[in-house]
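Asks: Coordinates for the following, if possible.
(one chain, ligands or ions: 1)
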Amino acid sequence: MRVRTESPIVVIVGGSGGIGRAVAAQLTEQGASVVLVARGKPALEAAADEIERRTGRKAAVYAADCTEAEEVAGLSRWLAQTYGRVDILVYAAAVFSLAPAQSLDVEEAKQAMEINYWGAVRTTQALLPLIRRSQVRCIYYVSSVSVQCTPAFFTAYAASKHALRGFALALRQELRPQGIHVGILSPGPVLTPLIQGHIHSGMYRVPPGVPVLHPDTAARQIVRAIHKRRADVTIPRRLAPAARIAHVFPRLMEAYYRLTIRGWDQLVLEQTHQQRDFTPHR
Ligand SMILES: NC(=O)c1ccc[n+]([C@@H]2O[C@H](COP(=O)([O-])OP(=O)(O)OC[C@H]3O[C@@H](n4cnc5c(N)ncnc54)[C@H](OP(=O)(O)O)[C@@H]3O)[C@@H](O)[C@H]2O)c1
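Replies: Presented below is the predicted three-dimensional model:
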């Protein structure tokens with residue numbers, strides 16, 4: 001049965017995770033009708049329950065793997081039948097891993113491309129006809145500040161986020177004449193399951209001056225960016241100048257790591273040395 005609602009229909013892919021879930025809670029609180037999408041049904045339902053406890057309003061859930069074309073097409077059909085349109089799509093699904101490039105697990109790196117990049121492409125293609133039926137017409141991709149400030153060991157993840165950014169920049173120009181807004185949201189570190197177990201490890205050092213945000217803090221800035229139809233937002237805002245400088249002068253960012261993280265070069269050597277004679281089997 002078609003749900004008739006004036007409130008914006010927001011689809012959040014990756015809505016059961018840290019940032020997606022926090023954005024979903026804040027938008028639901030503000031009156032949006034939010035649909036959470038992810039692979040795991042239990043985590044989706046737990047997220048929807050938590051949002052209901054926090055806001056008194058329900059979020060809908062739909063289990064789909066964005067790497068599976070048929071499941072994404074199923075999501076699109078279900079949204080068409082249930083709401084008839086999509087006002088805002090937020091693509092926040094991702095996986096993360098760290099490794100010295102020499103020993104990169106190619107299958108894992110391909111999986112990062114599949115979810116972080118191709119999943120966004122597939123979802124966008126499937127949902128665009130529904131976005132065209134809306135008056136609001138917004139798409140937001142959750143990228144990462146590691147596109148501008150790319151540290152060692154981020155090869156697989158940063159490559160997938162570079163691809164996503166390239167896609168979004170070109171798409172923005174294609175969709176502008178149709179009145180569809182494309183925004184890119186680039187958070188720094190946010191304490192979510194994605195990076196727990198990695199952050200502050202040998203391969204993931206956080207330079208001084210870079211805060212590790214709570215998901216609710218990141219979500220507040222994302223929600224503000226959505227309301228203002230911002231095009232390119234670094235989260236937190238105070239990292240924006242550093243991201244811009246690092247984009248233009250990438251070697252300055254490398255120097256910043258070396259200067260501010262004691263023993264950084266030695267640490268990188270140790271991590272890569274362990275892998276020097278390792279031959280990837282794939
Ligand atoms: N946390 C950070 O420090 C940080 C920094 C910069 C950017 N970001 C970006 O912010 C976004 C959200 O990250 P997060 O930290 O909130 O991660 P998270 O807590 O791990 O959440 C990731 C979400 O993506 C979903 N997902 C993963 N693979 C999927 C697939 N194949 N199909 C559909 N859904 C899938 C997960 O649910 P299932 O596993 O059940 O599918 C989960 O809902 C990501 O794009 C991430 O790259 C995060």
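Asks: For the chain, which segments are assigned as strands?
Replies: 9-13, 33-38, 60-63, 88-91, 138-142, 181-187, 232-235 (DSSP state E).
Asks: can you list those in a markdown table and add mean pLDDT, mean neighbour count and distance to the ligand?
Replies: For every residue, glycine as well, the C-beta is placed using N, CA and C. Below are the strands of the chain laid out as a markdown table (pLDDT from 0 to 100; neighbours: other CB atoms under 10 Å; distance: least, CB to the nearest ligand atom, whole Å):
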| stretch | mean pLDDT | mean neighbour count | distance to the ligand |
| --- | --- | --- | --- |
| strand 9-13 | 98 | 27 | 6 |
| strand 33-38 | 98 | 26 | 3 |
| strand 60-63 | 98 | 19 | 8 |
| strand 88-91 | 98 | 26 | 7 |
| strand 138-142 | 98 | 25 | 4 |
| strand 181-187 | 98 | 23 | 4 |
| strand 232-235 | 98 | 22 | 8 |
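Asks: can I get those in CSV with distance to Gln125?
Replies: Formatted as CSV, the strands of the chain follow (distance: least, CB to CB, whole Å):
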stretch, distance to Gln125
strand 9-13, 13
strand 33-38, 15
strand 60-63, 17
strand 88-91, 11
strand 138-142, 11
strand 181-187, 14
strand 232-235, 22
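Asks: closest one to Pro151 among the ones you listed?
Replies: strand 181-187 (14.6 Å; CB to CB).
Asks: Residues touching that closest one, excluding its own?
Replies: Here strand 181-187 makes contact (CB atoms under 8 Å, 6 or more residues apart in numbering) with 19, 137-145, 147-148, 165, 168-169, 171-172, 175-176, 213, 218, 222, 225-226, 229-235, 243.
Asks: again with stretch 114-129
Replies: The contact list for stretch 114-129 (CB under 8 Å, 6+ apart) reads 11, 13, 66-67, 69, 72-73, 75-76, 79, 86, 89, 91, 93-95, 139, 141, 157, 160-161, 163-164, 167-168, 171, 180.
Asks: Can I get stretch 111-120 as CSV, trimmed to CA atoms?
Replies: Provided in CSV are the C-alpha atoms of stretch 111-120 (Å, rounded to 0.1, in the frame of the first residue of the first chain):
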residue,chain,number,x,y,z
GLN,A,111,35.3,-5.7,-2.1
ALA,A,112,36.0,-2.1,-1.0
MET,A,113,35.5,-0.9,-4.6
GLU,A,114,32.4,-3.0,-4.9
ILE,A,115,30.7,-1.6,-1.8
ASN,A,116,32.2,1.9,-1.4
TYR,A,117,32.1,2.8,-5.1
TRP,A,118,30.1,0.4,-7.3
GLY,A,119,27.4,0.2,-4.7
ALA,A,120,27.0,3.9,-4.9
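Asks: now the contacts of strand 181-187: which count as buried?
Replies: Burial by neighbour count, judged by 16 or more other CB atoms under 10 Å, picks out 19, 137-145, 147-148, 165, 168, 171-172, 175, 213, 218, 222, 225-226, 230, 232-235, 243 from the contacts of strand 181-187.
Asks: I figured Val233 hits Gln221, correct?
Replies: Yes: in this structure Val233 lies within contact range of Gln221 using CB atoms under 8 Å: 7.0 Å.
Asks: Now for the residue of the stretch 1-150 of the chain found nearest the ligand: which residues touch it?
Replies: Minimum separation of the stretch 1-150 of the chain from the ligand (CB to the nearest ligand atom) falls at Gly17, amounting to 1.8 Å. Gly17 makes contacts with 38, 43, 92-93, 192-194, as judged by CB under 8 Å, 6+ apart.
Asks: try Arg165
Replies: 141, 143, 147, 184.
Asks: Tell me the residues on the stretch 1-150 of the chain that lie near the ligand, please.
Replies: Within the stretch 1-150 of the chain, the positions near the ligand by CB under 6 Å from any ligand atom are 13-20, 38-40, 43, 65-67, 92-95, 115, 119, 142, 144.
Asks: 5 Å - rerun?
Replies: 14, 16-19, 38-40, 43, 65-67, 92-94, 115, 142, 144 (CB under 5 Å from any ligand atom).
Asks: where does this protein dip in pLDDT?
Replies: Within the chain, the ranges that satisfy pLDDT under 70 run 274-282.
Asks: need the longest helix for it.
Replies: The helix that spans the most residues within the chain, counting by DSSP state H, is helix 155-175.
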